[in-house]
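# show me how the following folds:
(2 chains)
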Amino acid sequence: MSDYILEMKQITKEFPGVKALNDVNFKVKRGEIHCLVGENGAGKSTLMKVLSGVYQHGTYTGDIVYNGEVQKFKSISDSEKKGIVIIYQELALIPELSVYENIFFGHEIVKKGRIDWNETIVQAKKMLEKVGLHADPSIQVKKLGVGNQQLVEIAKALSKDVKLLILDEPTASLNEDDSQNLLKLIRELKEQGVTCIMISHKLREITAIADTITVLRDGATICSLDARERKIEEAEIIKHMVGREMNNIYPKREKHEFGEVALELKNWTVFDPVKNSELLHKVNINVHKGEIVGIQGLMGAGRTELALSIFGNPTKYKVSDGELYLDGKKVRFKHPRDAIRGGLAYVTEDRKGNGLILMQDIRYNITIANLEELVNGIAINENEEINVANSFKESINIKAPSINQKVGKLSGGNQQKVQLAKWMFAKPKVLILDEPTRGIDVGAKYEIYSLMNKLVDQGMSIIMISSELPEVLGMSDRLYVMSEGTITGELLAEDATEEKVMEMAIKS
Amino acid sequence: MSEKKQEMGLGHEMVSMVKTNIRDYMMYIALICIMAFFTVKTNGGFLQPRNIANLINQAGYVAVLAIGMTVILIIVHIDLSVGYVAGFCGAVAAILMTKYNVNEWVAILIVLMLGVLIGLYQGLLVTKLGVPAFVTTLAGMFIFRGLLNLSLQETGTIIIPNEGFNALSNGFIPDLPVNASFHVVTMIIGAILVMAMIYSQIKDRKNKQKYHFEVCSTPIFVVKMVAFSVVIMVIMWTLAKFRGIPWTAVIVGVVLLVYNYMLNKTKLGRAIYGIGGNAQAAELSGINVKKVTLFAFCSVSLMAALAGILYTSRLQSATPTAGAAFEMDAIASSYIGGVAVSGGVGRVTNTIIGTLVIMSLTNGMNLMGIDISYQYIVKGIIFIIAVAFDVSTRKKK
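Got it, this is the predicted structure:
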């Protein structure tokens, strides 16, 4: 057998009007961890869909050679039979079913026409041990955290006797701890002989784990870097991804002058009435005019809950204690609408899930949060609206044929720009950004950071919640660290180091 | 922009126009085919002025129901109770006018308010308690069917003597006192409608050009305008040859205008589409999802009450069987008219076309003397074809 477990040769895949993959060559050595990187739309996911049979043989040109044989997959089940398993970013588990049911979902252990549940549980336990998840296999999947759910997915893959495991942004929704855990597991799997392809945006992880790094850009292979021969620097990867040197990931700001306190929280305490648990305990934070304040913490630290409880509390948590001051005035918002009117804006972490209305166009999405300004009598002034949308499209560089483009068809970075435009049009005093650059490519990230700088220079205040430590350190003037619903530390940007922040983040 | 289009060539433009609007065009084509089929099968009887007026009067109550239903379906809820709410409201109107001698216009007002109250009750169950709309309105089906039976238990069918009330679904707009072989006012209204339509289309087109949006090329625009004008004038001429525009058409027209304006030009309309598209995102954009949902339930029940009035007026009596299966026609009209099954998409103007499809089928098959059992089957088949087509074209996009 050859040295390579997989060779994809001259793969070309066209969609109506677009060449998603153009003559791509992709080789994976047996037993390595191979990272696939590229900006959004570079063709990573398409390539993996070709490999796994989602795009069946015949809809693309080129050859897939796996274990020395040319493969003609007609569906995912064909590729799975050969030991190729793909785990998507959005987990494909059924939340209501138990862990063991999920692990063997679709390939149940059947004896004499009946499912052997006892054997299933025994096998499931074995798989869970392999991935290092010490949970009761009969627990419902929804009761596990995202990190553990990811482990269940991998256990499921192992139960299919996986030879080549493909992970699509496995750590995108994981916190630092869970991410490290997962990376450790991937290394262990490698020891056991599983070859792994990992798609990721997180360059730090890639440089830490990869044996080989392949960069795609605009549907073509740019290069394959061997990380075993020499250490690959992040900057080098970025250069290949964007096709130009990126010296500054975080743009510098002109001035750092802060005005008065724009928003202040005192002893903010929030309960979840359903679970009857305390989500936030006596949180004290403030942000000045013209300041970017970062909120860092692990997933589940209560950062999103904090933002939502300030922003009109749509999730119906109970704010049991504490005060919120905006411009020195004590306020308490009952609905996001009140919060918007009061001068707050909240860019959600999940732009597709609860941020944008994907089936509507750019114009609709930009103006929806502040239609009051466009209403003449009872009708919306559509000419005015078009002007507003066009000027935002222009000024923040939303790439689309026109403002009548459906938002669902835009790339992640452009969707995020639409979100920002929407809230800029609402003219808030305080802008809360929740994971503003998740799943966005490097170029668009830079644009969004520059935009943030511009906004604070105009006197706006920004609260930035982010799991990406370098981003928080690079962008904030000051940052708070949260852990288990409390603020465990406050640092000025110049004093903050990754070590200090992590230490505070795991403190409870 | 229009010049750029012309470079593409007219044939090319037409092909791309058909491609992008295939769903809408299919609906019109289906309607034309159905009408042509019945015209042939009834030796022209279907297109007789008398029958067209009849069709409009028959379709009126379904049209207003379907308009209300469209809004509910856009926000991904449903109202199954509209049929019996309509029946019950019609019965209440009849009782008020006959037993209590309430003036017919006052009775109508009371019944419309009753409709809003019913909507409030069902809407509050859905928004405040979180009972699914399907369950709430299924229960409503039971309740209002019972109430309808109960209210007519002693009297049986109530014959309505009030002429004004009965004219709503049987009468026609008055004519000028001139001696003509056709209805003059109808033709005048037709001419006004054509001018208004052309004026607004030209204005809209100019506006789009101003912002460099794509518009169709001049020849196609002219052809479109001429075609629309001809359709309007032919319909008006047909009506003018009989007794003019039915009052039902006026009522449906007003309702249609109000809802179309509301959905396309107001904040409320934006909120409705937003909730249908993504309720969570809408809530976080400052839309009060519960309030808007409550409004939609009130609006659909108000339309149900109006439908009850129109239906009762059509029969000139309130009967215990009124309202049965109205919801089926209303829901089918909306879906045939292009409301997305997954919500967030739909236009009331297209819903009206859907109503015409459904009611042309009913009317035509009645003329042909087809048994009611077959009628249901045919309607069901047309309905499922329409939705299957809709779902598959949306997937491609």
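# C-alpha from now on. contacts and neighbour counts both.
Noted.
# where does pLDDT dip in the stretch 251-400 of chain A?
Under the criterion of pLDDT under 70, the regions of the stretch 251-400 of chain A flagged as low confidence span A:255, A:299.
# residues of it that sit close to chain B?
Taking CA under 8 Å from any CA of the partner chain as the criterion, the stretch 251-400 of chain A approaches chain B at residues A:314, A:335-338, A:340, A:346, A:353-360, A:364, A:368-369, A:371-372, A:375, A:378-380, A:386.
# cool, and chain A?
That would be A:314, A:335-338, A:340, A:346, A:353-360, A:364, A:368-369, A:371-372, A:375, A:378-380, A:386, A:402, which are the residues of chain A within reach of chain B (CA under 8 Å from any CA).
# filter those residues to the buried ones?
Neighbour-count burial (16 or more other CA atoms under 10 Å in any protein chain shown) applied to the residues of chain A next to chain B gives A:314, A:335-338, A:340, A:346, A:354-360, A:364, A:368-369, A:371, A:375, A:380, A:386, A:402.
# so which of the residues you listed are in helices?
Of the positions in these, A:336-338, A:340, A:364, A:386 sit in helices, assigned by DSSP state H.
# with distance to residue A:61 added, can I get those in CSV?
Putting those into CSV (distance: CA to CA, whole Å) gives the following:
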residue, distance to residue A:61
A:336, 50
A:337, 52
A:338, 55
A:340, 51
A:364, 40
A:386, 43
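# shaky segments in chain B?
Counting by pLDDT under 70, the low-confidence segments of chain B come to B:1-8, B:396-397.
# and if you look at chain A?
For chain A, applying pLDDT under 70 flags the ranges A:1-2, A:16-18, A:40-41, A:244-248, A:255, A:299, A:506-508.
# any idea which helix or strand carries the residue most central in space within chain B?
Per CA atoms, centre = their mean, the C-alpha nearest to the average position across chain B is that of residue B:63, at 2.9 Å. Per DSSP states H and E, residue B:63 falls inside helix B:49-74.
# likewise residue A:264?
The secondary structure element spanning residue A:264 is strand A:261-272 (assigned by DSSP H and E).
# so is residue A:108 in a helix, a strand, or just coil?
coil (DSSP: H, G, I helix; E, B strand; the rest coil).
# next up, the contacts around it.
A:115, A:120 (CA atoms under 8 Å, 6 or more residues apart in numbering or on different chains).
# and if we set it to 7 Å?
In this structure, residue A:108 makes contact with residue A:115, judged by CA atoms under 7 Å, 6 or more residues apart in numbering or on different chains.
# ok, it to residue A:114 distance?
9 Å (CA to CA, to the nearest Å).
# likewise residue B:156?
As judged by CA to CA, residue B:156 and residue A:114 stand 60 Å apart.
# swap in residue B:230?
With distances defined as CA to CA, the gap from residue B:230 to residue A:114 amounts to 68 Å.
# ditto for residue A:74
Applying CA to CA, one obtains 28 Å for the distance of residue A:74 from residue A:114.
# who has more neighbours out of the two?
Shown here are residue A:74 and residue A:114; by other CA atoms under 10 Å in any protein chain shown, residue A:74 has more neighbours (15 against 9).
# would you double-check that that one falls in a helix?
No. In this structure, residue A:74 is coil, not part of a helix, as judged by three-state DSSP.
# who's in contact with stretch A:446-453?
A:249-251, A:253.
# what residues does chain B have near chain A?
With CA under 7 Å from any CA of the partner chain as the criterion, chain B meets chain A at residues B:265-267, B:274, B:277-278, B:280-281, B:283-287.
# try 8 Å this time
By CA under 8 Å from any CA, the part of chain B that sits against chain A consists of B:211, B:213, B:265-267, B:270, B:274, B:277-288, B:344.
# buried only: go through the residues you listed for me.
If we count by 16+ other CA under 10 Å, the residues of chain B next to chain A have these buried: B:213, B:265-267, B:270, B:274, B:277-288, B:344.
# got the contact list for residue B:159?
B:94, B:316-318.
# most surrounded residue in the residues you listed?
Each of those was scored by neighbours using other CA under 10 Å; the highest score is residue B:94's, at 33 neighbours.
# isn't that residue up against residue B:160?
Yes. At 6.4 Å, residue B:94 counts as touching residue B:160 under the criterion of CA atoms under 8 Å.
# between the two, what contacts are shared?
Shared contacts of residue B:94 and residue B:160, defined by CA under 8 Å, 6+ apart, comprise B:317-318.
# mind checking the SS state of residue A:36?
Classification of residue A:36 using three-state DSSP returns strand.
# returning to that earlier point: widest-spaced pair of the contacts of residue B:159?
The two members of these with the most space between them (CA to CA) are B:94 and B:316, at 9.3 Å.
# intersection of neighbour lists for the two?
Residues within reach of residue B:94 and of residue B:316 at once, by CA under 8 Å, 6+ apart, are B:159-160.
# tell me the domain boundaries of chain A?
By the record's domain assignment, chain A is partitioned as A:4-242, A:248-343+A:428-508, A:357-427 (automatic domain parsing).
# can I get these in TSV including distance to residue B:292?
As requested, those are exported to TSV (distance: least, CA to CA, whole Å):
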stretch	distance to residue B:292
domain A:4-242	31
domain A:248-343+A:428-508	13
domain A:357-427	15
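# among those domains, which is nearest residue B:388?
Each of the domains of chain A was scored for nearness to residue B:388 using CA to CA, and the closest is domain A:357-427 (19.6 Å).
# any idea how far that closest one is from the chain center?
Relative to the chain's own centre, domain A:357-427 is displaced by 23 Å; criterion: CA atoms, centre = their mean, to the nearest Å.
# the closest residue to chain A within the stretch 1-150 of chain B: what's it in contact with?
The shortest separation between the stretch 1-150 of chain B and chain A is 12.4 Å, found at residue B:74 (distances taken as CA to the nearest CA). With contact taken as CA under 8 Å, 6+ apart, residue B:74 is in contact with B:272-273, B:276, B:339-340, B:343-346.
# which residue ranges of the stretch 151-300 of chain A form helices?
Under the criterion DSSP state H, counting those that start in this stretch, helices of the stretch 151-300 of chain A are mapped to A:176-191, A:203-209, A:234-242.
# sorry, wrong one. I was asking about the stretch 401-508 of chain A.
Ranges of helices in the stretch 401-508 of chain A, per DSSP H, counting those that start in this stretch, are A:412-425, A:442-457, A:469-475, A:498-505.
# out of those helices, deepest packed?
Burial among the helices of the stretch 401-508 of chain A, expressed as mean neighbours by mean count of other CA atoms under 10 Å in any protein chain shown, is greatest for helix A:412-425, which shows a mean of 24.
# now that helix against helix A:442-457, angle please.
Regarding helix A:412-425 and helix A:442-457, their directions subtend 10 degrees when assessed with axes from the mean of the first three to the mean of the last three CA atoms, to 10 degrees.
# could you measure from residue B:203 over to residue A:251?
Between residue B:203 and residue A:251 the distance, using CA to CA, works out to 46 Å.
# those two: which has the busier surroundings?
Comparing residue B:203 with residue A:251 by other CA under 10 Å, the one with more neighbours is residue A:251, at 17 against 12.
# now the phi/psi pair for the more buried one, please.
Residue A:251 has phi and psi values of phi -60, psi 150 when expressed as degrees, to the nearest 10.
# so residue B:267 touches residue A:370, yeah?
No. The pair residue B:267 and residue A:370 does not pass the contact test of CA under 8 Å, sitting 9.8 Å apart.
# what's around residue 177, how many residues?
I'll assume chain A. For residue A:177, the tally of surrounding residues (other CA under 10 Å) stands at 13.
# actually, chain B is the one I wanted.
The number of residues packed around residue B:177, counting by other CA under 10 Å, is 7.
# helix/strand/coil for it?
Under the three-state scheme (three-state DSSP), the conformation of residue B:177 reads as coil.
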